[in-house]
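Asks: Have a look at this prediction, sequence included:
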Amino acid sequence: MTEGFFISHKMTTTENIYQLYNDFPVISTDSRRIEKNSIFFALKGDKFNGNKFAAESLKKGAAYSIIDEKEYISSEKTILVNNVLNTLTELANMHRKKLGIPILAITGTNGKTTTKELVSVVLSQKFRVSFTDGNFNNHIGVPLTLLKMNTDTQFGVVEMGANHLGEIAELCKIAEPDFGIITNIGKAHLEGFGSFEGVKKTKAELFNYIEEKNGVFFYNSDNSILEKMAGGFKNKITFGSKNANLTGELFQSPPFVHIKTNFEQGVLYINTNLIGNNNFENIMAAAAIGNYFKIDPLQTQKALKEYQPKNNRSQLIRRGDIIITMDAYNANPTSMQASIKSFLTNY
């Protein structure tokens, strides 16, 4: 416990809150699910005001409540700040800096979450990895992902989603990734981006950040859009069916995706429990990233073989004589097209 620490009802600095966070390193944002001795951040939305639940969160076991409306001060454990969301992001960035670990950021129209899962299981063969929960990848999810990392974490994997211009750039300022991957670029959230060109420009914000930081980014060289975007960037690692740092090919599909990969050590066959030929690039991404970080290809093979898909993504479900191919999570036009095309090809 921080000795002699006192919170006044004046505006409190992020540095002071970070001292509290070191003592209570669990963050809550939902007053319905308060973890004991957590710090509750009273976030606001279009239809809710977390400030109204600050006192309730303390009664449910929160150590402190962070608010930005003075009338909701209820005790010395209520901390007033200018803006709760800004404080959360500042706290996350401060924590990221203090941890000083390598962080890989993943964005793209499709395949972000599956790629994040596959990359994380591969990197876990060598590092203690902390990664985004589910697809919690927005301006709230990214800070919470960072704040779940601790001194035991050796590598962070952060998924980044966007629905308007500039959002990826803002998330990069919070997470400060050293490595990045864009899975692909398709037609999603066009109402926020304005056009397909807007989608490309926003996703490219990750490449631009990594380039400015002199980091390394990964992409599928079979994708002509990404290949053009990568342009003259220096530090890039490619994967794909040909002309890439790591090449591979589908060698069997129904019902599961299996690929043949060409590592420097030799050819390796990777069997998975994923359905859908569109997962070829997700699997190759994980293999390429593992290879860059010098993970034994046999360990990569083992990790990808043991991974079980979940959350209604790339799953094969058997119910007696009935076989269900489940790939129905949060579909957009591009992902629907890929899923249907794969289904028609294999069945």
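Replies: Right, received. Where do you want to start? Residues are numbered from 1 along each chain as shown.
Asks: helix or strand for I181, which one?
Replies: Using DSSP states H and E, the element containing I181 is strand 179-182.
Asks: what's the answer for N110, then?
Replies: According to DSSP H and E, N110 maps onto no helix or strand at all.
Asks: ok, it - how many residues close by?
Replies: By other C-beta atoms under 10 Å, the residues close to N110 number 24. No exception for glycine: its C-beta is placed from N, CA and C like everyone else's.
Asks: ditto for the one 5 residues further on
Replies: Using other C-beta under 10 Å, T115 has 28 neighbouring residues.
Asks: re earlier: neighbouring contacts of the strand holding I181?
Replies: Residues outside strand 179-182 that contact it (C-beta atoms under 8 Å, 6 or more residues apart in numbering) are 102-108, 115, 119, 203-204, 206-207, 209-210, 215-219, 226, 229, 285, 289.
Asks: Over to stretch 116-127?
Replies: If you take C-beta under 8 Å, 6+ apart as the criterion, stretch 116-127 is touched by 104, 106, 129, 131-132, 154-155, 157, 159, 181, 282-283, 285-287, 289-290, 293-296, 299-300, 302-304, 306-307, 309.
Asks: CA atoms of the helix or strand hosting E249 as CSV?
Replies: Remark: E249 resides in strand 246-252, with elements defined by DSSP H and E. Provided in CSV are the C-alpha atoms of strand 246-252 (Å, rounded to 0.1, in the frame of the first residue of the first chain):
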residue,chain,number,x,y,z
LEU,A,246,8.1,-17.3,-45.6
THR,A,247,6.1,-19.1,-48.3
GLY,A,248,3.5,-21.8,-48.0
GLU,A,249,0.5,-23.4,-49.7
LEU,A,250,-2.7,-25.1,-48.9
PHE,A,251,-2.3,-28.9,-49.2
GLN,A,252,-5.6,-30.1,-47.8
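Asks: and the helix or strand that that strand is followed by, what does it pack onto?
Replies: Per DSSP H and E, the first helix or strand lying C-terminal to strand 246-252 is strand 258-263. Counting contacts by 3 or more C-beta pairs under 8 Å, 6 or more residues apart in numbering; DSSP states H and E, strand 258-263 packs against strand 246-252, strand 266-271, helix 280-292.
Asks: Could I get the average pLDDT for strand 258-263?
Replies: Average pLDDT, strand 258-263: 96.
Asks: From the chain's centroid, how far away is it?
Replies: From the chain centre to the centre of strand 258-263 is a distance of 25 Å (C-alpha atoms, centre = their mean, to the nearest Å).
Asks: domain ranges for the protein?
Replies: 14-88, 100-240+280-290 (automatic domain parsing).
Asks: how long is the last one end to end?
Replies: Meaning domain 100-240+280-290. Domain 100-240+280-290 has its terminal residues 20 Å apart, counting by C-alpha to C-alpha, to the nearest Å.
Asks: Next: stretch 52-67.
Replies: Taking C-alpha to C-alpha as the measure, stretch 52-67 stretches 9 Å from start to finish.
Asks: Pull out the buried residues from that stretch.
Replies: For stretch 52-67, a neighbour-count test (16 or more other C-beta atoms under 10 Å) marks 53-55, 57-58, 60, 62-67 as buried.
Asks: Please convert those to CSV, extending it with secondary structure.
Replies: Formatted as CSV, these follow (DSSP: H, G, I helix; E, B strand; the rest coil):
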residue, secondary structure
F53, helix
A54, helix
A55, helix
S57, helix
L58, helix
K60, coil
A62, coil
A63, coil
Y64, strand
S65, strand
I66, strand
I67, strand
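Asks: pretty sure E167 is in contact with T202, am I right?
Replies: Yes. Contact criterion C-beta atoms under 8 Å: E167 and T202 qualify, at 6.5 Å.
Asks: between the two, which one's more packed in?
Replies: T202 (23 against 20).
Asks: surely that one meets G161?
Replies: No. With contact defined as C-beta under 8 Å, T202 and G161 do not form a contacting pair (10.4 Å).
Asks: Give the intersection of the neighbour lists for those two.
Replies: Counting by C-beta under 8 Å, 6+ apart, the residues touching both T202 and G161 are E167.
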